[in-house]
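Novice: missing the sequence, but the structure's below:
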């Protein structure tokens, strides 16, 4: 049947080409005659782009670009959306995925504001398809579901079937075959309901691919042939190459490798003919798999190299992932374990980036949100039915309303007279009962107070013991690990002096770096312990001396090239604090600014320290032009072991240490702003004398309360 369709296509195709060519010639002549930059010229350019779309996409891109640029020049928002939408589609078809996404996203809000729903639907679908080709499946699913909702609201069942098919493709790429078939079947049901044959060929082929994965190859072959036959002799090149690829997969999985290669080659030739690089890579992978089964390793390597080049150049991450996996299998079978390790590592890294926990969570949430919306819609429809039923009941109730109202009023009056009579008799009895209950409650309350106070005292004692144990643990751990770390560093340095092997030297240097980082983390944890145990001593802080010492220390450790220190210190500071704690705060903030400096050559790195008074507080501001902190991390930067950057060498202890030091002296710290142009931290430090006085008063009050409770017998002392 498929071959008959091809014959029919060959018979009718010349006449179709002639009609199209005649229309294109007419449009080109009109374009030559109309040299004015007006809306009529835009319409001609748009029609030419439309005629070439799907046939010669590179030419269509040229005309759509001219149309879009003219619309921008005319400032005609309707035509900007119309011309930009077809340009975004051609950018996608010519493998310029990022440019297509960028343009379509720019046009979306314009289409929404102007109410251009037709363009809006196509833009959403175009973005989703581009993200699917880039293997960014959570983003693709987001835009597909948004497009589906728009089409559902309009009752556009034809458009719904297209989007459902696209959603099925995403789940197929994720190897969630059951979910893919669920959406494919929904799309098929809509097409059957409307007797719509548009894109039916692709839908059948997609379903056949799913059954290939399920190893139901007979069913798969039936669906694929249905897809090719549904074209009725008018199959596009794209459908032919997809069908040939699917048939080849079915034959290959059935053990008929030689026949499968014929279909893969046929699909590959069509893909090359229409410059479809994605399906060129798909077919090359399929052929490589066959040769891998046949242990023809030279051909496997040849086809995979070609696939790797296409997938990497065009940004097809899902194809690159499969290529890396097959390379790993190839080198494992040929006992080339070095290359096998390299490609296994590439495969794992790329797979983790495509299906990270965040992406999986987004995919799950998107589907859950859509299903919840469907449930809400169903509930709303049921609520509407219930409202109608209630309205009928209300109409029936109105007939009896007045009679029932009068009867209720009479009954209420009789009950009120009876109730007040009984209430007067029971009032005295009720008061006596309440007095007895109140006395019982008072006794129970006193007992509860005794128990709670006792629990509080025990909890405080336990908290002190836990804090002491934690301090001892940090101190002992830091002390115990320092010796082995020093020995390990000495051994690695000795080995570096003696070992000449490049690989061994590389790993020894890595080991030395890890030891240094481990030692730095232990040092920071030890500093946290010192902050906790430190006895605060108020004194006037000499910021100039502190900064001179810190700058000298940083220069000894080594600074980035051209790094600049700036300072602005108010000479009339009128507060006292603990100099040791203030030194720690400045040291760690300056160290952070240096560590995360901007490595761009055009940027001259600096850190600026400003010290001034703000009311009764001393205000320290540390500003830099470094790489900044990511938006998602800014709410967690002061937590222990939270790393705001991959450059962190202390495992996320630095900013936690700063916060502990600031809170120790009763101050506050906050991130004023942070971006790729730099960060700014602000520390407010109060005068230490009132802080210590307030803490002593609170401690005295707590001791007095506990002593009074003990004296009254509320709690008993702990021995």
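Specialist: Cool, got the structure. None of the values given here were measured: they were computed from a predicted structure.
Novice: mind listing what residue 586 touches?
Specialist: Going by C-beta atoms under 8 Å, 6 or more residues apart in numbering, residue 586 touches 543, 546, 547, 550, 609, 620, 622. For the C-beta atoms, the positions are set from N, CA and C on the backbone; glycine is no exception.
Novice: Can you tell me the SS state at the last one?
Specialist: Read that as residue 622. Assigned with DSSP: H, G, I helix; E, B strand; the rest coil, residue 622 falls in the strand class.
Novice: Contact partners for it?
Specialist: So residue 622 contacts 586, 589, 590, 593, 607, 608, 609, 680, 681, 683 (C-beta under 8 Å, 6+ apart).
Novice: who does it bridge with?
Specialist: residue 609, residue 681 (DSSP bridges).
Novice: quick check, nearest of the contacts of residue 586 to residue 44?
Specialist: residue 622 (61.1 Å; C-beta to C-beta).
Novice: if I look at that closest one, how far off is residue 570?
Specialist: For residue 622, the distance to residue 570 equals 15 Å [C-beta to C-beta, to the nearest Å].
Novice: Over to residue 326?
Specialist: Relative to residue 570, and taking C-beta to C-beta, residue 326 is found at 67 Å.
Novice: what are the ranges of the helices in the stretch 501-650 of the chain?
Specialist: Remark: helices assigned in the stretch 501-650 of the chain by DSSP state H, counting those that start in this stretch are 502-533, 543-557, 579-595.
Novice: Which positions within stretch 212-231 qualify as buried?
Specialist: 212, 216-217, 219-231 (16 or more other C-beta atoms under 10 Å).
Novice: go on, stretch 176-192?
Specialist: In stretch 176-192, counting by 16+ other C-beta under 10 Å, buried: 177, 179, 180, 181, 183, 184, 186, 187, 188, 190, 191.
Novice: repeat for stretch 618-630
Specialist: So stretch 618-630, judged by 16+ other C-beta under 10 Å, has buried residues 618, 619, 620, 621, 622, 623, 624, 625, 626, 627, 628, 629.
Novice: Let me see the contact set for residue 36.
Specialist: For residue 36, counting by C-beta under 8 Å, 6+ apart, there are no contacting residues.
Novice: Please shift the residue numbers so they start at 13 in all later answers.
Specialist: With the count now opening at 13, the last piece we talked about shows up as residue 48.
Novice: returning to what we had before: export the helices of the stretch 513-662 of the chain to TSV and tack on distance to residue 255?
Specialist: Shown next, in TSV, are the helices of the stretch 513-662 of the chain (distance: least, C-beta to C-beta, whole Å):
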stretch	distance to residue 255
helix 514-545	50
helix 555-569	65
helix 591-607	57
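Novice: and residue 701, that's in a helix?
Specialist: Yes. Membership of residue 701 in a helix is supported by three-state DSSP.
Novice: contacting residues around the nearest residue to it once chain neighbours are set aside?
Specialist: Distances taken as C-beta to C-beta, 6 or more residues apart in numbering place residue 550 nearest to residue 701, at 5.5 Å, with adjacent residues excluded. The contact partners of residue 550, by C-beta under 8 Å, 6+ apart, come to 588, 589, 590, 699, 700, 701, 704.
Novice: List buried residues within the residues you listed.
Specialist: 588, 589, 590, 699, 700, 704.
Novice: tell me the domain ranges of this structure?
Specialist: 147-238, 433-545, 550-698 (automatic domain parsing).
Novice: Tell me which of these is the most buried.
Specialist: For the domains of the chain, the largest average neighbour count (mean count of other C-beta atoms under 10 Å) is found in domain 147-238, namely a mean of 19.
Novice: Would you mind measuring the gap between the ends of that domain?
Specialist: One end of domain 147-238 to the other measures 28 Å (C-alpha to C-alpha, to the nearest Å).
Novice: Can you give the distance from it to the centre of its chain?
Specialist: 25 Å (C-alpha atoms, centre = their mean, to the nearest Å).
Novice: One more: stretch 123-136?
Specialist: 26 Å.
Novice: average model confidence for that stretch?
Specialist: Mean pLDDT, stretch 123-136: 88.
Novice: and it, which residues are buried?
Specialist: So stretch 123-136, judged by 16+ other C-beta under 10 Å, has buried residues 123, 128, 131, 132, 133, 134, 135, 136.
Novice: Let me see the contact set for the closest residue to the fourth one other than its chain neighbours.
Specialist: With C-beta to C-beta, 6+ apart as the measure, residue 123 is the residue that lies nearest to residue 132, at 4.3 Å, once sequence neighbours are left out. Residues touching residue 123, when contacts are defined by C-beta under 8 Å, 6+ apart, comprise 93, 97, 129, 131, 132, 135.
Novice: Show me the two of these that sit farthest apart.
Specialist: 97 and 129 (12.2 Å).
Novice: Assumed residue 57 was part of a helix.
Specialist: Yes. Going by three-state DSSP, the assignment for residue 57 places it inside a helix.
Novice: isn't it right next to residue 77, touching?
Specialist: No. When contacts are counted by C-beta atoms under 8 Å, residue 57 is not listed as touching residue 77 (9.0 Å).
Novice: okay, the two: which has more neighbours?
Specialist: A count of neighbours by other C-beta atoms under 10 Å puts residue 57 above the other of residue 57 and residue 77, at 26 against 18.
Novice: could you list every residue that touches the more buried one?
Specialist: 43, 75, 76, 78, 79, 82, 95 are the contacts of residue 57 under C-beta under 8 Å, 6+ apart.
Novice: could those residues be laid out in a markdown table, adding pLDDT, secondary structure and distance to residue 329?
Specialist: Shown next, in a markdown table, are those (pLDDT from 0 to 100; DSSP: H, G, I helix; E, B strand; the rest coil; distance: C-beta to C-beta, whole Å):
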| residue | pLDDT | secondary structure | distance to residue 329 |
| --- | --- | --- | --- |
| 43 | 74 | helix | 40 |
| 75 | 88 | helix | 31 |
| 76 | 90 | helix | 27 |
| 78 | 90 | helix | 32 |
| 79 | 88 | helix | 32 |
| 82 | 89 | helix | 36 |
| 95 | 89 | helix | 30 |
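Novice: about what we covered before: tell me which entries of the contacts of residue 123 lie within helices.
Specialist: Within the contacts of residue 123, residues falling in helices by DSSP state H are 93, 97, 129, 131, 132, 135.
Novice: ok, the contacts of residue 598 vs residue 512, which is closest?
Specialist: Once C-beta to C-beta is applied, the member of those that ends up nearest residue 512 is residue 562, at 40.6 Å.
Novice: List the contacts of the closest one.
Specialist: 595, 598, 599, 602.
Novice: Look up how far residue 577 lies from it.
Specialist: 9 Å.
Novice: Low-confidence ranges, the stretch 313-462 of the chain, go.
Specialist: Within the stretch 313-462 of the chain, the stretches with pLDDT under 70 are 366-419, 421-423, 425-426, 429-430, 432-433, 439-440, 458, 461-462.
Novice: Regarding residue 273, what is its secondary structure?
Specialist: helix.
Novice: can you pull the contacts of it?
Specialist: Here residue 273 is in contact with 260, 299, 302 (criterion: C-beta under 8 Å, 6+ apart).
Novice: Select from these the one having the most neighbours.
Specialist: Going by other C-beta under 10 Å, residue 260 tops those with 27 neighbours.
Novice: isn't it right up against residue 298?
Specialist: Yes. Contact between residue 260 and residue 298 holds when scored by C-beta under 8 Å: they sit 6.0 Å apart.
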